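J.: Okay, predicted coordinates and the sequence, questions at the end:
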Amino acid sequence: MSAGGEGVLDLAVVGAGPAGLAAAAAAGERGLVTAVFDESPVAGGRLLGQLHPVPGGWWVGRAEAARLVAAVEDRPTVSLRLGAGVYAAAREEGGFRLHASVSPTPVRARSLLVATGATELPVPLPGWNLPGVITAGAAQTLANVWGVEVGRRSFVVGLSPLAFAVALELSAAGVPPAAIAPPAPGPALAHLGPPAAQWREALRLARLGPVWARPGAALLASPALRRALLPRLPRSGLPLLGSRLRLNVAVEAVVGRESAEGVRLRRLDGDGRPVGPAWHEAADAVLLAGGLRPVPDLLRALGARMATVEELGGEVPVVDPDGATTVPGLYAAGNALGVEGAAVAMAQGRRAALAVAARLGRADGRAQAEARAAVERARADAPFAFHAGVAEGHRRIAALWQEGGGGDGRAV
Ligand SMILES: Cc1cc2nc3c(=O)[nH]c(=O)nc-3n(C[C@H](O)[C@H](O)[C@H](O)COP(=O)(O)OP(=O)(O)OC[C@H]3O[C@@H](n4cnc5c(N)ncnc54)[C@H](O)[C@@H]3O)c2cc1C
């Protein structure tokens with residue numbers, strides 16, 4: 001059977017990001033009849049919006065995505081079905097049944113790989129529904145994929161790695177954000193943690209920052225020094241990426257009549273509590289950067305055992321060393337296993353595809369061992385981690401698997 005014909009697929013892949021595309025290319029290499037579904041009309045997932053400097057130039061996610069798509073299109077047993085959101089999936093005798101938005105009939109597959117990536121955490125400040133307020137990920141796509149200027153005087157709210165990624169990209173595009181600052185604490189923002197936790201997150205990335213960042217981070221890591229020093233920092237912040245990193249002010253609200261015209265700010269004391277009167281500053285775009293969490297929906301719906309692991313960004317499946325879940329034939333790869341960069345996602349996709357191929361006698365133990373080692377290498381080589389302790393998070397999942405799949409959605 002060809003990948004485009006009727007019948008049962010060897011492998012269905014949900015998500016054509018780096019994990020899903022790398023999996024499809026590896027499955028095609030082994031002759032597996034495979035189809036990749038993505039709700040987006042363009043393949044590449046979050047790779048499309050990524051841009052960062054590497055020694056000697058820039059790493060351009062769009063070019064990487066084009067390379068992966070070419071590798072998939074090279075394989076006659078693989079089909080890429082874009083604009084095809086998988087809205088339901090069920091287990092059935094010998095495999096899975098998927099319902100995708102473009103297929104009038106369900107698709108059947110012996111194995112299923114969920115590579116649905118991550119999503120952004122909300123930053124529900126008062127005024128966040130005004131036009132001109134977008135997420136950092138949306139700003140990445142507008143700027144890096146479509147070349148759209150998101151604002152002349154933009155304000156990034158949040159101290160997640162994504163805040164710094166988007167600031168870097170906007171600076172490279174010649175429109176650095178005016179400022180990067182945390183949101184003010186509030187009941188609707190409890191999931192982001194208090195400012196002190198967000199400061200810790202930002203300081204974790206200090207080794208990638210300018211010369212003041214490392215010694216500054218070391219000083220601010222001590223609560224006593226922080227209480228003494230932070231209130232003395234200039235309210236206008238410190239220079240970073242053509243922008244200003246403002247650690248001792250917080251954004252309370254977005255203000256504007258018909259669209260975002262500015263932000264309302266308060267000072268933060270050394271413990272992260274808002275103090276003193278509020279004031280307004282102009283901004284024509286507000287970019288919310290709360291952070292990322294894995295998308296677990298399909299895995300959970302199919303009955304995979306799940307666990308909540310903070311170091312991996314949230315709820316993830318309990319998996320074996322290849323990404324096989326507790327449901328036979330159901331695999332996960334990429335950010336669905338925990339939020340990491342694209343290189344790790346690609347290696348995880350290949351690893352899962354080779355495990356499926358091995359079940360069909362089309363891959364040997366050596367190929368699988370190499371694929372597992374490639375994931376570890378990609379993780380070790382990553383320029384930064386989205387969450388502290390990611391390797392420990394994966395070890396926790398491995399322990400749950402060894403204990404017999406232990407997790408039941410609870411935090412571990
Ligand atoms: C907003 C955002 C910004 C990011 N920025 C960076 C960055 O700057 N640098 C970095 O290293 N990493 C970044 N990441 C992390 C990024 O997710 C990884 O680098 C990498 O792209 C993960 O690959 P993936 O294949 O697991 O998922 P993704 O690249 O997210 O791909 C998942 C794909 O699944 C599709 N999908 C989801 N659900 C369905 C469904 N039900 N049916 C059909 N298709 C579906 C999506 O449309 C998407 O194309 C970002 C992530 C997000 C969410």
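T.: That came in fine, so what should we check first?
J.: What is the neighbour count of R67?
T.: R67 has 12 neighbouring residues, counting by other CB atoms under 10 Å. Glycine gets a C-beta too; all of them are placed from N, C-alpha and C.
J.: Show the subsequent helix or strand relative to the helix or strand that contains it.
T.: Using DSSP states H and E, R67 maps to helix 61-73. Counting by DSSP H and E, the next helix or strand C-terminal to helix 61-73 is strand 78-82.
J.: what lines up beside that next one in the sheet?
T.: Within its sheet, and counting by DSSP bridges, strand 78-82 is paired with strand 34-38 (parallel).
J.: Skipping its backbone neighbours, what lies nearest whatever residue of the stretch 301-412 of the chain ends up closest to the ligand in space?
T.: Nearest to the ligand in the stretch 301-412 of the chain, going by CB to the nearest ligand atom, is G334, at a distance of 2.2 Å. Leaving out its chain neighbours, the residue that sits closest to G334 by CB to CB, 6 or more residues apart in numbering is A19, at 2.7 Å.
J.: helices or strands up against the helix holding R67?
T.: helix 18-29, strand 78-82, helix 342-359 (3 or more CB pairs under 8 Å, 6 or more residues apart in numbering; DSSP states H and E).
J.: Does it reach the ligand?
T.: No - Helix 61-73 stays clear of the ligand (CB under 6 Å from any ligand atom), getting no nearer than 7.7 Å.
J.: What of stretch 82-101?
T.: Yes - residues of stretch 82-101 are located near the ligand by CB under 6 Å from any ligand atom, namely 85-86.
J.: average pLDDT for that stretch?
T.: The average of the pLDDT scores along stretch 82-101 is 96.
J.: Quick one: end-to-end distance for that stretch.
T.: Criterion CA to CA, to the nearest Å; first-to-last residue distance in stretch 82-101 is 10 Å.
J.: contacts for it?
T.: Outside stretch 82-101, the residues that touch it by CB atoms under 8 Å, 6 or more residues apart in numbering are 8, 12, 14, 16, 37-43, 81, 102-103, 106-112, 298, 301-303, 327, 329-330.
J.: Which residues in that stretch does the neighbour count mark as buried?
T.: Applying a neighbour-count criterion of 16 or more other CB atoms under 10 Å, one finds 84, 86, 89, 95-98, 100 buried in stretch 82-101.
J.: starting at the chain centroid, how far to that stretch?
T.: 23 Å (CA atoms, centre = their mean, to the nearest Å).
J.: ok and the residue in the stretch 151-300 of the chain nearest the ligand?
T.: In the stretch 151-300 of the chain, the residue that lies nearest the ligand is A165 (3.7 Å; CB to the nearest ligand atom).
J.: Spell out which helix or strand contains that residue, please.
T.: Assigned by DSSP H and E, A165 falls within helix 161-172.
J.: helices or strands next to the helix or strand following that helix in the packing?
T.: As assigned by DSSP H and E, the chain's next helix or strand after helix 161-172 is strand 179-181. Here strand 179-181 touches strand 154-157, helix 161-172, strand 243-245, strand 249-255, going by 3+ CB pairs under 8 Å, 6+ apart.
J.: Let me see the mean pLDDT of the following helix or strand past strand 179-181.
T.: Sequence-wise, the next helix or strand downstream of strand 179-181 (DSSP H and E) is helix 195-204. Mean pLDDT, helix 195-204: 86.
J.: Quick one: work out the angle between helix 195-204 and helix 161-172.
T.: 50 degrees (axes from the mean of the first three to the mean of the last three CA atoms, to 10 degrees).
J.: Now do P18 against the ligand, distance only.
T.: 4 Å (CB to the nearest ligand atom, to the nearest Å).
J.: give the contact list for that residue.
T.: Contacts for P18 (CB under 8 Å, 6+ apart) come out as 44-45, 47, 64-65, 68, 334, 342-343, 345-346, 349.
J.: wait, doesn't P183 sit right on V156?
T.: No - using CB atoms under 8 Å, P183 and V156 do not qualify as a contacting pair, with a distance of 10.6 Å.
J.: Look at these two and report which has more neighbours.
T.: When neighbours are counted by other CB under 10 Å, V156 comes out ahead of the other of P183 and V156, with 30 against 25.
J.: Quickly list what that one is bridged to.
T.: Taking DSSP bridges as the rule, V156 bridges to I180, L287.
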